[in-house]
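> Give me the fold of what follows.
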Amino acid sequence: MMESPGQKALLRRDGFTFKHFFAAHDRCAMKVGTDGVLLGAWAPLCPSPRRILDIGTGCGLIALMLAQRTGEGVIIDALELDDAAAAQAAENCALSPWGDRTRVIHDNILTYALSSTERYELIVSNPPYFPVGIPCRDIGRDRARSTTTLTHEHLLDAARRLLRPEGLFMLVLPLSIGEQLIFQARRQRWFVRYRTEVADNPGKSPHRILLGLSPTEGETCYSALTLRDGDRAYSAAYRALTADFYLG
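Next up is the predicted model:
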């Protein structure tokens, strides 16, 4: 986080302080991190969405970032399976300036996709991505990190059920896992419309990928982003992307 010396003493330690909201995350398995910030700041808002779904919202970070980026009348539904995380997300949203436009739904995405009548112009997700393996001691963290309970095939199917034909499904993943998801997405008749590869430093290979998928075929917008300069300071591109969120 970018902060001035005078701000440091005022910051709470149970979460992350942004310019216009605070995201408490002490009761969530997965904390506020760069992946979520990247997706929340990067996700294209075209065509202008009227309803947005955040799958696996955790503490509500991405939902709140999208609420900040959109105007009155845009509703953000934040879906979360974990009990404690859903409760914390609801508190974070209620205390934010956009409590009237954010709704936390405590449910499983697979169940929600089958039962909901809502349809969305934009769906976002920082999904679980580790393959099934040795579980974490923390069951909530294991569920948030791995595909034990939510495979990418099922995630793509659920998103298709909930997305309008002209809508976009935006994700952030490790590059290698993202390539696997693209392969699966193409098998399920998704089209890659946005692809941004993210590297830590100049000269380093990309380690993350930001993806925008659509059920409607169209041109793909390719780009790249480097998080830091050679001196390890945040790059101008990353600072510009996150300028409305990080304290400076």
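
> where are the low-confidence patches of this structure?
For the chain, the stretches with pLDDT under 70 are 1-10, 129-149.

> Could I get the full set of strands for it?
Counting by DSSP state E, the chain has strands at residues 15-17, 22-24, 51-55, 75-80, 102-106, 120-125, 163-174, 191-199, 208-214, 221-226.

> Kindly spell out which helices and strands sit in contact with the fifth one.
The one in question is strand 102-106. helix 61-69, strand 75-80, helix 83-95 (3 or more Cβ pairs under 8 Å, 6 or more residues apart in numbering; DSSP states H and E). No exception for glycine: its C-beta is placed from N, CA and C like everyone else's.

> That strand pairs with which strands, and in what direction?
Looking at strand 102-106 with DSSP bridges, its partner strands are strand 75-80 (parallel).

> Check the third one too.
Taking DSSP bridges as the criterion, strand 51-55 forms sheet pairs with strand 75-80 (parallel), strand 120-125 (parallel).

> do the same with the second one
Within its sheet, and counting by DSSP bridges, strand 22-24 is paired with strand 15-17 (antiparallel).

> thinking again about what came up before, as TSV, the strands of the chain with distance to Gly248 and mean neighbour count would be great.
Converted to TSV, the strands of the chain look like this (distance: least, Cβ to Cβ, whole Å; neighbours: other Cβ atoms under 10 Å):
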stretch	distance to Gly248	mean neighbour count
strand 15-17	12	21
strand 22-24	16	21
strand 51-55	25	27
strand 75-80	25	25
strand 102-106	25	20
strand 120-125	25	25
strand 163-174	23	21
strand 191-199	21	18
strand 208-214	23	22
strand 221-226	19	14
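
> Switch these over to TSV, and while doing so, append distance to Leu114 to every line.
Converted to TSV, those look like this (distance: least, Cβ to Cβ, whole Å):
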stretch	distance to Leu114
strand 15-17	33
strand 22-24	30
strand 51-55	14
strand 75-80	13
strand 102-106	14
strand 120-125	15
strand 163-174	14
strand 191-199	24
strand 208-214	20
strand 221-226	32
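
> Would you tell me which of those strands gets closest to Gly36?
Counting by Cβ to Cβ, Gly36 lies closest to strand 163-174 out of the strands of the chain; the figure is 7.6 Å.

> tilt between that closest one and strand 191-199?
In terms of direction (axes from the mean of the first three to the mean of the last three Cα atoms, to 10 degrees), strand 163-174 departs from strand 191-199 by 20 degrees.

> out of the helices and strands packed on strand 102-106, which comes closest to Tyr112?
Across the helices and strands packed on strand 102-106, Tyr112 has its closest neighbour in strand 75-80 (6.0 Å, Cβ to Cβ).

> Would you mind pulling the contact partners of that closest one?
Residues outside strand 75-80 that contact it (Cβ atoms under 8 Å, 6 or more residues apart in numbering) are 50-58, 60, 63, 66-67, 70, 86, 89, 93, 98, 101-107, 109, 112, 118, 120.

> Tell me how far that strand lies from the chain's centre.
Averaging C-alpha positions (Cα atoms, centre = their mean, to the nearest Å) puts strand 75-80 11 Å from its chain's average.

> Could you do stretch 165-180 as well?
Offset of stretch 165-180 from its chain centre (Cα atoms, centre = their mean): 11 Å.

> Please apply the same query to stretch 83-95.
16 Å.

> how about it: buried residues?
Neighbour-count burial for stretch 83-95 flags Ala85, Ala86, Gln88, Ala89, Ala90, Asn92, Cys93 (criterion: 16 or more other Cβ atoms under 10 Å).

> Much appreciated, bye for now.
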